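A.B. asks: no sequence on hand, only this structure:
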């Protein structure tokens with residue numbers, strides 16, 4: 001503490017040293033909080049994707065790509081909260097160690113401390129803006145297109161040997177094993193249900209020694225080609241049974257080019273939302289543009305809330321601060337929904353919410369300065 005007192009009295013270098021010291025404390029704490037929150041959220045999403053891969057809905061090879069493109073969407077929400085908690089915990093520790101008391105004694109005013117805090121807040125706001133305005137919609141579009149492509153392909157390469165699995169079109173398949181290069185299937189069993197011009201559901205069971213997938217270069221249609229097998233057709237409630245022995249039998253899987261249009265506003269670029277007068281588009285644009293502003297508002301709220309008595313502990317005001325953040329985010333989401341549904345005017349939008357919590361921050365700061373920093 002004596003070293004800090006001596007440094008702050010060295011006027012030419014005190015401002016730079018103070019900035020580096022406070023910024024390092026805040027950013028290190030923010031990085032720790034970000035890592036923990038990111039690990040929890042990404043772990044939960046990874047478990048969901050891994051379950052889908054285990055069911056054969058998506059291939060394991062795209063899991064890494066899906067998680068990578070989800071990262072901006074996680075960061076745009078985690079970084080404001082992590083920076084908010086970083087200020088609370090870092091400054092709270094400084095109050096506990098009476099370091100801010102030394103700064104005040106050396107002439108560091110609360111307004112100057114706020115200016116130092118807003119500098120790293122600007123960096124965090126730029127990162128959040130990059131995520132919310134550009135990276136998040138681009139990543140969401142990439143993941144949606146990837147998953148839609150997997151659904152439209154109905155690729156039999158998704159099937160795992162030794163298991164009964166659904167691979168689209170009302171088909172259930174069982175494969176004994178794959179060849180070393182993964183192109184040839186051994187001991188293939190396929191069950192399919194369908195209607196054949198009447199109201200009865202027909203069940204078809206096909207068994208083959210070998211099978212492989214091929215694509216028509218002219219039409220883009222994909223086929224499952226089975227060799228050396230038999231096909232049985234039965235209808236519940238009827239005594240007739242169909243039997244067909246074949247050397248080569250082909251099942252049409254679908255078109256590789258068939259895909260649904262991805263026109264959700266979640267995937268639209270920020271420029272497209274800005275030029276769209278639809279209330280839902282404007283609500284989405286205001287949500288994206290408001291997230292960087294949220295960083296500055298939270299920084300203003302966090303500084304006075306970080307002031308604690310050494311006997312209270314650094315976590316004394318953490319719970320009220322988290323409740324305030326939850327109220328901020330919940331009210332913001334509620335107004336975004338109201339704007340999108342037309343229940344709240346687009347001209348007002350989400351900005352009154354930011355203004356309200358900005359006033360709360362100035363009120364807390366004024367109250368803290370009025371009491372004085374001890």
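C.D. replies: Everything's here; your move. Everything quoted here is computed from the prediction, not taken from an experiment.

A.B. asks: going by C-alpha atoms from here, please, whenever you check contacts or count neighbours.
C.D. replies: OK.

A.B. asks: what distance separates stretch 230-243 from the centre of its chain?
C.D. replies: Taking CA atoms, centre = their mean, to the nearest Å, one finds stretch 230-243 lying 49 Å from the centre of the chain it belongs to.

A.B. asks: how's the protein carved up into domains?
C.D. replies: 2-152+263-371, 156-255 (automatic domain parsing).

A.B. asks: rank these by pLDDT, which is bottom?
C.D. replies: The stretch with the lowest mean pLDDT among the domains of the chain is domain 156-255, at a mean of 78.

A.B. asks: in the stretch 1-150 of the chain, which spans are strands?
C.D. replies: Counting by DSSP state E, counting those that start in this stretch, the stretch 1-150 of the chain has no strands at all.

A.B. asks: in the stretch 151-300 of the chain, which spans are strands?
C.D. replies: If DSSP E, counting those that start in this stretch is used as the criterion, the strands of the stretch 151-300 of the chain fall at 164-166, 171-178, 185-195, 201-215, 221-234, 241-255.

A.B. asks: partners of the second one, with directions?
C.D. replies: On the basis of DSSP bridges, the sheet neighbours of strand 171-178 come out as strand 164-166 (antiparallel), strand 185-195 (antiparallel).

A.B. asks: quick one: closest of these to residue 39.
C.D. replies: Nearest to residue 39, of all the strands paired with strand 171-178, is strand 164-166, at 31.3 Å by CA to CA.

A.B. asks: what distance separates the closest one from the centre of its chain?
C.D. replies: 29 Å.

A.B. asks: same question, stretch 358-368
C.D. replies: Averaging C-alpha positions (CA atoms, centre = their mean) puts stretch 358-368 32 Å from its chain's average.

A.B. asks: got it, and stretch 64-75?
C.D. replies: What separates the centre of stretch 64-75 from the centre of its chain is 6 Å, taken as CA atoms, centre = their mean.

A.B. asks: and if you look at stretch 235-249?
C.D. replies: Relative to the mean C-alpha coordinate of its chain, stretch 235-249 is positioned 49 Å out (CA atoms, centre = their mean).

A.B. asks: quick one, longest helix in the chain?
C.D. replies: helix 11-54 (DSSP state H).

A.B. asks: want to throw the strands paired with strand 171-178 into TSV with distance to residue 130 and mean neighbour count?
C.D. replies: As requested, these are exported to TSV (distance: least, CA to CA, whole Å; neighbours: other CA atoms under 10 Å):
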stretch	distance to residue 130	mean neighbour count
strand 164-166	40	19
strand 185-195	46	18
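
A.B. asks: and the domains of the chain, which is most packed in?
C.D. replies: Across these, averaging neighbours per residue (mean count of other CA atoms under 10 Å) puts domain 2-152+263-371 on top, at a mean of 18.

A.B. asks: how far off centre is that domain?
C.D. replies: When distances are taken as CA atoms, centre = their mean, domain 2-152+263-371 is centred 14 Å away from the chain's centroid.
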